[in-house]
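1. curious how this folds, go ahead:
(chains A and B)
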Amino acid sequence: MRPVVALLLFASLALAACQREERDTRPQSALGSGEQPTPVTTLEPGGQRPAPTDNKAASFEANAFHLSEGKRLFGWFNCSGCHANGGGGMGPALMDEKWIYGSSMESIHATIRDGRPNGMPSFRDKIPDDQIWELAAFVRSLSGNAPSSAAPSRNDDMMAHPSENRMPDAATLGKSP
Amino acid sequence: MKQATQTAVFCGDPARTDLPAASRKYLGVLTAMLLTCVPLLTAASEAPPAPAISPPAAAAPPDDGQWTMPAKNYASTRYSELAEINEGNVKNLQVAFTFSTGVNKGQEAAPLVVGNTMYIVTPFPNIVYALDLSKPGAPMKWKYEPNPEPAAQGVACCDVVNRGAAFADGRIFFNTLDGHTIALDANSGRPIWNAHIGNINIGETITMAPLVVKGKVLVGNSGGEMGVRGWVKALDAGDGHIVWTAYNTGPDKDVLIGPDFKPHYEMDKGKDLGVTTWPPEAWKIGGGNMWGWISYDPDLNLIFHGTGNPGPWNPDLRPGDNKWTSGIFARDPDTGAAKWFYQWSPHDLHDYDGINEQVLLDMNWHGKPRKVLVRPERNGYLYVLDRATGEVLSAKPYGPVNSSKGVDLKTGRLVENPDKLTGTGKVVRDICPTASGLKDWQPSAFSPKTGLLYIPHNNLCMDEEGVEVNYIAGTPYVGMNVRMIPGPGGNRGAFTAWDIAAEKPAWSLKENFPVWSGAVVTAGDVVFYGTMEGWFKAVSAKTGDLLWQFKTSSGIIGQPITYRGPDGHQYVAILSGVGGWAGAIVSGDLDPRDATAALGFVNAMKDLKNATTAGGTLYVFRLP
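-> Presented below is the predicted three-dimensional model:
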């Protein structure tokens, strides 16, 4: 019996030494893990697919409180330092009909959170997520993409441009000269 | 267009029409000159006597036909002794060749010409091209791409410009937007050293042209709108290591203020004023950047450089004089040690950066020979300083100014207009000049033949409203809503010839847009400058009469130069390509419906998109 025991012992040791590389043959999610990236292009091989939507987008977009908070934060986080009051400066204009990285709430949220390579800084971990959604909603209102019943009305101080609730939709009427 | 005609003090020119009535102080001298001149005039002699005002010979050596630094020489005269192109034949100028820089952003750089090669540095991504002037069409000899970080574009306050390179000892030195100074072998374009001295994550960029003095490359940082603490560094031209760093705010040891520091005025005397004239710690984020021009006097062994605006713009957030911002330093180039300082705008209220060019001249001032420094300053005054001591000899407005009521020559202090004080929560209207100044960075030129300083400048006013602002490193720190409007008369720009001795303009030309280009003047009595519509103009140095103009592909905000080509003939070169702060509406595609866009400049430039488009092309002209 002793040689058999020895053989078994040897075999178990030998097998234990061969650890097989772990391979996940069935990825859990078709979109990968973690935060879902928002595409910045409409060109997608195989045809355009619906962009992932975020439940928060709709709840922030037409909400007067969130829009007015977004306007306040736009100054507080120095967005206005680069984008002025929507006309742009160091950064591009936000009140025109041109969008480099997409015009959706999700795209603007991703732009603020993750930054963009040509100069837009990433505010990840600097601005709470809900406040980023508020900023995104306000940014859309600058180009007339917010209901006039919810968008901020005129300022108490220097008027840089007509108030957000009177801004025409940049994509149709309010084209930049 | 011409407002007044008056020629300056010099003789032997048959085209001269009248003598200056203003130089009463020199009446005796003038009479003597007149007497000696009359026989010369009748004999139609061309030999002028020694000019009454001239740059020091050591800072402005005889012209060799090259153009090795943007300011032409250490005295920053931007004057060429070449005279093949003159008032009579300049109308025949034609294009010799053109070259596309491949970058459609504001082209503020001066081309350089060394031997048979022309060197150009572009706006971001800061490509350097060498063109072979000895071959037809000036083909490219080499190019160098430094590949600066694209993110740097997001912290450049006013377009992604670069104001040029400098040549010395077989090397081309230039700066990149993301904070590198690079030395290239001028023959091959091979990089020799690369010094990373600026940090974009605190908002630091570099846009200025370096100056090479005594084997050191002098460089300063930009970022006055980002709460960046200003500095000037001297890098060893051999290997790029930092020889000295002088900060423009903070304790004396950081500013390199020591026992040699002897400012002329009481307001600049005291210990650690760079700390005590600020709220606690505010100097650490207080601006005072050095993104403009440096001049050098080899005789006095002094460099002269200005300091930028304090940050933030809202003055309520930084009570005190905010030393050493919006002023000028004289320093020892070997050690950086400060010799004197003068503050143009103590506790600046309107973003009056003090970084403009300083032209070094020797002249008789009220009968005494003085070594002076002439500075058309952003706050609207044309200063004449004694460059050995920092004493202000004269400060006269060279355009509309209401933000201040003059300069007290006893105390040296700018007298602010109490009606134009800005602050949090109030809108102050019709402040002249604007944040961009009566003149911004665009350098002027001086001709010893006419004694006139040729100043390209703005004519704008503004409304300002101070607002609260948070300091977040790497983001803007301004705290001011600004909207600009055209100045008195409606012309947004002007090109003024200033009679330095008489302390008044000789003539001034109106331009529709701000004149954001530099100027160059030649011994042929021709002055060249460009307009933001794209016209490249030649005017008479004596009268301002338009002699020739050529419409380039885009607005001009660059620095013209003139040189002697390998064929022995005179050429004139300019980069065309609109942008900069004034042209950001076009180069950055900004929206003019927002009056505060581009820190308020867009409001005054609403129609620029109809007048020009972005571009980036070198034009070189010659006589047929």
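
2. hey, let's count contacts and neighbours off CA atoms from now on
-> Noted.

3. sticking with the residue most central in space within chain A, tell me its helix or strand.
-> Taking C-alpha atoms, centre = their mean, the centroid of chain A lies closest to residue A:110, which sits 1.7 Å from it. Under the criterion DSSP states H and E, the helix or strand holding residue A:110 is helix A:105-114.

4. give me the angle between the very next helix or strand once past that helix and helix A:105-114.
-> Counting by DSSP H and E, the next helix or strand C-terminal to helix A:105-114 is helix A:129-142. Orientation check (axes from the mean of the first three to the mean of the last three C-alpha atoms, to 10 degrees): helix A:129-142 against helix A:105-114 gives 120 degrees.

5. ok, residue B:556 - contacts?
-> B:107, B:516-517, B:530-536, B:575-578 (C-alpha atoms under 8 Å, 6 or more residues apart in numbering or on different chains).

6. try residue A:76
-> B:469, B:470.

7. quick one: least confident helix or strand in chain A?
-> Across the helices and strands of chain A, mean confidence by mean pLDDT, DSSP states H and E is lowest for helix A:2-17: a mean of 73.

8. residues from chain A in reach of chain B?
-> Within chain A, the positions near chain B by C-alpha under 8 Å from any C-alpha of the partner chain are A:75-78, A:81-93, A:95-96, A:117-121, A:157-158, A:160-161, A:176-177.

9. please indicate which of those residues are buried?
-> The neighbour-count test (16 or more other C-alpha atoms under 10 Å in any protein chain shown) marks A:75-78, A:81-93, A:95-96, A:119-121, A:158, A:160-161, A:176 as buried among those.

10. off-centre distance for stretch B:57-68?
-> Computed by C-alpha atoms, centre = their mean, to the nearest Å, the chain-centroid distance of stretch B:57-68 equals 19 Å.

11. residues contacting that stretch, please?
-> So stretch B:57-68 is in contact with B:73-75, B:77, B:80-82, B:112-115, B:166-168, B:296-299, B:561-565, going by C-alpha under 8 Å, 6+ apart.

12. and if you look at stretch B:359-366?
-> Applying C-alpha under 8 Å, 6+ apart, the contact partners of stretch B:359-366 are B:25, B:52-56, B:75-77, B:295, B:297, B:369-375, B:387, B:446, B:501.

13. can you select the buried ones among those residues for me in PyMOL?
-> Those of the contacts of stretch B:359-366 that count as buried under 16+ other C-alpha under 10 Å are selected in PyMOL with:
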select buried, chain B and resi 52+53+54+55+56+75+76+77+295+297+370+371+372+373+374+375+387+446+501
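
14. tell me what the helix holding residue A:110 is packed against?
-> Using 3 or more C-alpha pairs under 8 Å, 6 or more residues apart in numbering or on different chains; DSSP states H and E, the elements in contact with helix A:105-114 are helix A:55-61, helix A:129-142.

15. return the residues in contact with residue 85.
-> Defaulting to chain A. Contacts for residue A:85 (C-alpha under 8 Å, 6+ apart) come out as A:160, A:161, B:594, B:596, B:597.

16. not what I meant, chain B
-> Contacts of residue B:85 by C-alpha under 8 Å, 6+ apart are B:524, B:526, B:570, B:623.

17. between its first and last residues, what's the separation in stretch B:396-406?
-> 8 Å (C-alpha to C-alpha, to the nearest Å).

18. in it, what counts as buried?
-> B:397, B:398, B:399, B:400, B:401, B:402, B:403, B:404, B:406.

19. do stretch B:607-623 as well
-> Buried positions in stretch B:607-623, judged by neighbour count with 16+ other C-alpha under 10 Å: B:608-609, B:612-623.
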